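**Student:** Next one to model:
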Amino acid sequence: MDVLALSIQTLADRIRARAISIPELVGEVLREIRNRDPELNAYVTICEDGVQHQAKRLQAEIDRGRWRGPLHGIPIAVKDMVYTRGCRTTMGSKVYAHFVPDDDATVIRKLKRAGAVIIGKTNTH
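**Tutor:** The predicted structure is shown next:
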């Protein structure tokens, strides 16, 4: 089954039912990005540091019966203008080519609180 073809709702239902593991889903998304992004150039940064650890932690919550809601364990990419702590945020500018925020924007805090996995930053022109 191609998990990448499933809707967020279907993925959420399967994660909650433990039919799909969050670390496996995140790994599959990272593989797809690595395979396709050289052609698509959609990502500026892939936030691989800590993403698998976060996926394992979120899976442990599911295994203990804690479900945060429909974004729990769902990999999400955000535009490269949104401050994401520890993940390079260039804002489409050479001036910020190496900028890594110390804080998360409100939207990122809310996504993380909901259990989303911030997988990377998408290109901004």
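**Student:** gap between His72 and Leu25?
**Tutor:** For His72, the distance to Leu25 (C-beta to C-beta, to the nearest Å) stands at 11 Å. Where C-beta positions appear, they are placed from N, C-alpha and C, glycine not excepted.
**Student:** And for Ile118?
**Tutor:** Ile118 is 14 Å from Leu25, by C-beta to C-beta.
**Student:** Mind listing the shared neighbours of His72 and Leu25?
**Tutor:** Common contact partners of His72 and Leu25 (C-beta atoms under 8 Å, 6 or more residues apart in numbering): Ile15.
**Student:** For this protein, just list every one of the helices.
**Tutor:** Using DSSP state H, the helices of the chain run over 8-16, 22-40, 51-63, 106-113.
**Student:** Same list (those) but as TSV, adding mean neighbour count and mean pLDDT.
**Tutor:** Shown next, in TSV, are the helices of the chain (neighbours: other C-beta atoms under 10 Å; pLDDT from 0 to 100):
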stretch	mean neighbour count	mean pLDDT
helix 8-16	16	96
helix 22-40	15	95
helix 51-63	17	96
helix 106-113	15	98
